[in-house]
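1. Predicted model and sequence below, questions to follow.
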Amino acid sequence: LLLAGGAVILLAGMVVVGTWVVKEIESGVINRAGLMTSLYVDSFVSLHLQSLASNGQLREVDRAALDRLLSGTSLGQHIVAFKIWTADGRVLYSTNPAIVGRQFSVKPTLASAFAGEVHSEISDLKEPENEFERQRWPRLLETYAPVRAANTGAILAVSEFYQTTDDLEREVRAAR
């Protein structure tokens, strides 16, 4: 009886620790993927957002450059949806032109990116601004990253981008 009780406790402990380890692996993979991709995206996109420092508006030439970057390049194949946000929740640019200029409530993840943090999570795409993404995917890896002015380091805007979870799920399985 004592041995059976010990086995039950040991089994319960293994389940709890195993579950915790899996969650930590998933969290680490998500955070690393988001951070690495945000650096990659920033290296391409930041140059085209520097006009925001002077007038808070995105120039048409920069919109066209972003369109080219996100449609016919390896970056565009990796990123399935992309948005540029202002601090008050207005969409300055999006791969879904229907939401450009619309204002949404500022989520905590967007606010933390305006505070300088990169934030990544798996999104179920329930937010109102995800109407386009929701039609094509059940869930995506969502990342918010600050875009800084080249000369001052001040945060000009926040880029939000989405990737499919296929690569992420493979990485998590391999890590398990």
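-> It's in.

2. CA atoms for contacts and neighbours, from now on please.
-> Fine.

3. need the helix or strand of the chain with the lowest average pLDDT.
-> Within the chain, no helix or strand scores below helix 166-175, which has a mean of 71 by mean pLDDT, DSSP states H and E.

4. residues contacting residue 51?
-> By CA atoms under 8 Å, 6 or more residues apart in numbering, residue 51 lies in contact with 57, 58, 59.

5. and the spatially most central residue of the chain, how far is that from residue 118?
-> Residue closest to the average C-alpha location in the chain (CA atoms, centre = their mean): residue 143, at 1.0 Å. When CA to CA, to the nearest Å is the yardstick, residue 143 and residue 118 sit 7 Å from each other.

6. quick check, nearest of the contacts of residue 51 to residue 49?
-> When the contacts of residue 51 are compared for distance to residue 49, the smallest value, 6.7 Å, is given by residue 58; criterion: CA to CA.

7. what's the neighbour count on that closest one?
-> Residue 58 has 17 neighbours, counted by other CA atoms under 10 Å.

8. The one 3 residues further on now?
-> Neighbour count of residue 61, defined by other CA under 10 Å: 10.

9. host element of it?
-> For residue 61, the element it lies in under DSSP states H and E is helix 60-69.

10. what stretches of this structure score poorly on pLDDT?
-> Along the chain, segments meeting pLDDT under 70 span 22, 25, 29-31, 33-41, 43, 172, 175-176.

11. for it, what spans make up the strands?
-> In order along the chain, the chain carries the following strands (DSSP state E): 81-85, 91-94, 119-123, 140-148, 155-163.

12. Of all those, which one comes closest to residue 14?
-> With distances scored as CA to CA, the stretch of the strands of the chain nearest to residue 14 is strand 119-123 (26.2 Å).

13. for the closest one, the distance to its chain's centre please.
-> Taking the mean of its C-alpha atoms, strand 119-123 sits 6 Å from the chain's own mean (CA atoms, centre = their mean, to the nearest Å).
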